[in-house]
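# Okay, sequence plus prediction incoming.
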Amino acid sequence: MTATMRMLTYGVAADSVDDYVRIGESTTIESLKYFVKAVVAMFSERYLRSPNNDDISRLLAMGSNHGFPGMLGSIDCVHWNTERSHNDINVLDRSSVFSLLTQGRASPVSYSINRNDYTMGYYLADELAMKDVERAFGVLQARFVIVQGLARFWKTEIMEDMMMTCIIMHNMIVEDERDANGIDFNYDTISESLPLVSHERTPKLFEFIQNHRRIRDRGTHSKLKQDLVEHLWTLHGDSL
């Protein structure tokens, strides 16, 4: 445990703790693999869950206080350097951020901007959100130095478990500090018989396709951006 935590928090090499904890390099590496796998298996459901209704209400209130009604947060892609890194678009396509929304299970969101009504929350992206995401990821890197440099393992499963473990422990720290100080931080049985397969469009599939189209609708996207510009100008135009 000591060797594993030193590798995660200080980013030291596995053989750098040989004399300190009296175990070999290979044992340290195997201990790290077992540790991160166990943390993800035991704590993912609690500390990597999707936002619930209370979380969404809090996020919407925070966004509204900053002049962005309906905003759920900022989104950007931060790369952990490997020779096989994906670009931002591929990373977002593989992300589960919008999975509940496409499945029709996301918490309802309704708000009005510039006298136009919307029923889907949004995330700020690109340059405006980059500083927020980089700042949040910087906090994670400061606590767990192992995610600062190049990835040290070739198997993506191990790399994913390591990153998820760091995020889980970061969320544990935030939860503990929030409870201790009373402060809400801004950062942040299978049947043996197989069912018959139908090739007809099911209502759930049709709903999924419709939700996916709503998320990617360019007209709504452009309208929302224009409404936000006018809304922010109404709030802060006189001060410019």
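Ah, there it is. Residues are numbered from 1 along each chain as shown.

# make it CA atoms for all contacts and neighbour counts henceforth
Will do.

# Tell me which other helices or strands the longest helix along the chain touches.
In the chain, taking DSSP state H as the definition, the longest helix is helix 156-181. Here helix 156-181 touches helix 25-47, helix 127-143, going by 3 or more C-alpha pairs under 8 Å, 6 or more residues apart in numbering; DSSP states H and E.

# quick one, it and helix 25-47 angle?
With axes from the mean of the first three to the mean of the last three C-alpha atoms, to 10 degrees defining the directions, helix 156-181 sits at 60 degrees from helix 25-47.

# distance between helix 156-181 and the chain's centre?
Offset of helix 156-181 from its chain centre (C-alpha atoms, centre = their mean, to the nearest Å): 12 Å.

# Can you mark which positions in it are buried?
158-159, 161-171, 174 (16 or more other C-alpha atoms under 10 Å).

# I'd like these written out as JSON lines, with pLDDT added.
Shown next, in JSON lines, are the buried residues of helix 156-181 (pLDDT from 0 to 100):
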{"residue": "158", "pLDDT": "83"}
{"residue": "159", "pLDDT": "84"}
{"residue": "161", "pLDDT": "88"}
{"residue": "162", "pLDDT": "87"}
{"residue": "163", "pLDDT": "86"}
{"residue": "164", "pLDDT": "89"}
{"residue": "165", "pLDDT": "90"}
{"residue": "166", "pLDDT": "89"}
{"residue": "167", "pLDDT": "88"}
{"residue": "168", "pLDDT": "91"}
{"residue": "169", "pLDDT": "90"}
{"residue": "170", "pLDDT": "88"}
{"residue": "171", "pLDDT": "87"}
{"residue": "174", "pLDDT": "82"}
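
# which residue is nearest the middle of this structure?
Against the mean C-alpha coordinate of the chain, by C-alpha atoms, centre = their mean, the closest residue is residue 97 at 6.9 Å.

# Quick check: that one vs residue 7, distance?
29 Å (C-alpha to C-alpha, to the nearest Å).

# Can you name the next helix or strand after the helix or strand bottoming out on mean pLDDT in the chain?
Across the helices and strands of the chain, mean pLDDT, DSSP states H and E gives its lowest value to helix 88-94, namely a mean of 60. Where DSSP states H and E defines the elements, the next helix or strand beyond helix 88-94 is helix 99-102.
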